[in-house]
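Asks: for reference, the sequence and a predicted model appear below.
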Amino acid sequence: MSMAKLNPKGASADARATGAQLLAWYDRHHRSLPWRLPPARIAAGERPDPYRVWLSEIMLQQTTVQAVKPYFETFTSRWPSVRALAGAPGDDIMKVWAGLGYYSRARNLKKCAEAVVERFGGEFPADLDLLKSLPGIGDYTAAAIAAIAFDRPVAVVDGNVERVATRLRSIATPLPAAKPQIRAFVQSILPAARPGDFAQATMDLGATICTPRRPACALCPVNGDCLAFLGDEPERFPVKAPKAEKPKRLGAAFVAQRNDGAILLRKRPETGLLGGMSEPPTSGWTSRQDGEPGLEAAPFEAEWEPAGMVGHVFTHFELRLSVYRANIDRAAPDGCWWSAAADIHSEALPTVMKKAIEAAIPGATLKPVQNRQQRRN
DNA sequence: TACACGTGGGT
DNA sequence: TACCCAAGTGT
């Protein structure tokens, strides 16, 4: 059992050994991911494409690898470079991002791509502060890009690393207050070489071994250095502040369908919840519990029929949406448009809005079978 | 510092 | 079921 003691330079022999062990583990057990260059190719002198590193890091913010994979494939196929993305219409980006959540990321994605083209000639900067000056890039993402894409020796601290670090050092300070301690510790075990591989090694360890619940400590390459493991309660870390209760809100959605199957949509304001995304007309979402929002919130008079209730859980509140449906044939009101039946699936509809449309018109948001229109052409 | 900001999977 | 959680950022 080795208790690491920091020397005046900030890194003990044990700490350095921890970093080296993580790298050795990564060489054997790294995950194979679409945006990742495996350690053997890094060792051979290759570097990953900074565009792909950036795009993957933005998508992976608060989002699982599994959810990101198909979106990353779609984005890189459609927009293979930051210049291509910068030239894309913002609405197209929102449509392709639809379903991935945290839509400010998609709005900032275009802003950032444009800034890279205008300010840096289409090449991502390697400098931490320049990276952080770009929209959507904060402390974590700047460090990740600098380390992974540009081989800069910086500490990369995400949720995985926070978990690994608080366990290794038995840091009982609740998050986020513990962040400075965590950063200092990660800095102390940072190897002299391979900062990008080291960052990904620590994240892979957190994702596959040092998991939030039931960590596989027996398989951990650094369990001999882990104070939480030696103290027999790794799951105690990290300590987090208690979460606030989720309020419940009520609202209504109005799904109007034209005789040819088109559905009436509008665009939400550019900022705020689901900003810049599309929706069928909805009421405001209130916290009152004295009854469901009713027809007074409808976009126009029609024979609105109840079409059920949709529940959806956002990060900070729960929503129950009363869905109404009407078949009408009229011009779209100001700010709205009729979206053809064949186009609904590719609109910038957040998941909650797809749920509402599905409640009113089952199958309406699914991708139509490719044939009829094609045959006519 | 604290809160707003999505979604889907795991237990 | 209810809660937790995931490669965080912006305000």
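Replies: Yes, it's here.
Asks: pLDDT wise, what is the closest residue to DNA strand B within chain A at?
Replies: Across chain A, the shortest distance to DNA strand B (CB to the nearest atom of the strand) belongs to residue A:101, at 2.6 Å. Bear in mind the C-beta positions are built from the backbone N, C-alpha and C, glycine included. At residue A:101, the pLDDT value in this model is 98.
Asks: contacting residues around it?
Replies: Contacts for residue A:101 (CB atoms under 8 Å, 6 or more residues apart in numbering) come out as A:62, A:63, A:350, A:351.
Asks: ok, now residue A:159?
Replies: For residue A:159, the contacting residues are residue A:206, by CB under 8 Å, 6+ apart.
Asks: so the residue of chain A closest to DNA strand B belongs to a helix, correct?
Replies: No - checked against DSSP: H, G, I helix; E, B strand; the rest coil, residue A:101 lies outside a helix; its state is coil.
Asks: re the thing from before, most surrounded residue in the contacts of residue A:101?
Replies: In terms of neighbour count, residue A:350 stands highest of the contacts of residue A:101 at 22 neighbours, by other CB atoms under 10 Å.
Asks: which pLDDT value belongs to it?
Replies: 98.
Asks: surely it and residue A:280 touch.
Replies: No - with contact defined as CB atoms under 8 Å, residue A:350 does not reach residue A:280; the gap is 11.4 Å.
Asks: stretch A:159-174 close to DNA strand C?
Replies: Yes - interface with DNA strand C: stretch A:159-174 contributes A:159, A:160, A:163 (CB under 7 Å from any atom of the strand).
Asks: residues from the stretch 151-300 of chain A in reach of DNA strand B?
Replies: So the stretch 151-300 of chain A meets DNA strand B at A:176, A:177, A:213, A:214, A:241, A:244, A:272, A:273, A:274, A:275 (CB under 7 Å from any atom of the strand).
Asks: are any of those residues buried, and which?
Replies: A:273, A:274 (16 or more other CB atoms under 10 Å).
Asks: could you find the lowest-pLDDT member of the residues of the stretch 151-300 of chain A next to DNA strand B?
Replies: Among those, residue A:244 has the lowest pLDDT, at 85.
Asks: just the element for that one, please.
Replies: Using DSSP states H and E, residue A:244 falls within no helix or strand.
Asks: quick one, helices of the stretch 101-250 of chain A?
Replies: All helices of the stretch 101-250 of chain A, identified by DSSP state H, counting those that start in this stretch, fall at A:104-120, A:128-132, A:139-150, A:159-169, A:179-189, A:195-208, A:227-230.
Asks: need the residues that contact the fifth one.
Replies: Among residues not part of helix A:179-189, those counted as contacts by CB under 8 Å, 6+ apart are A:6, A:10-12, A:15-16, A:18-19, A:22, A:155-157, A:161-162, A:165-166, A:168-169, A:171, A:173, A:202.
Asks: now, of those, which are buried?
Replies: Buried among these (16+ other CB under 10 Å): A:11-12, A:15-16, A:18-19, A:22, A:155-157, A:161-162, A:165-166, A:168-169, A:171, A:202.
Asks: now the helices of the stretch 101-250 of chain A as JSON lines including distance to residue A:308 and mean pLDDT?
Replies: Listed next are the helices of the stretch 101-250 of chain A as JSON lines, based on distance: least, CB to CB, whole Å; pLDDT from 0 to 100:
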{"stretch": "helix A:104-120", "distance to residue A:308": "29", "mean pLDDT": "98"}
{"stretch": "helix A:128-132", "distance to residue A:308": "46", "mean pLDDT": "98"}
{"stretch": "helix A:139-150", "distance to residue A:308": "40", "mean pLDDT": "98"}
{"stretch": "helix A:159-169", "distance to residue A:308": "37", "mean pLDDT": "97"}
{"stretch": "helix A:179-189", "distance to residue A:308": "44", "mean pLDDT": "95"}
{"stretch": "helix A:195-208", "distance to residue A:308": "38", "mean pLDDT": "97"}
{"stretch": "helix A:227-230", "distance to residue A:308": "48", "mean pLDDT": "96"}
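Asks: could you export those as a markdown table, including distance to residue A:286?
Replies: Below are those laid out as a markdown table (distance: least, CB to CB, whole Å):
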| stretch | distance to residue A:286 |
| --- | --- |
| helix A:104-120 | 24 |
| helix A:128-132 | 38 |
| helix A:139-150 | 35 |
| helix A:159-169 | 33 |
| helix A:179-189 | 36 |
| helix A:195-208 | 39 |
| helix A:227-230 | 45 |
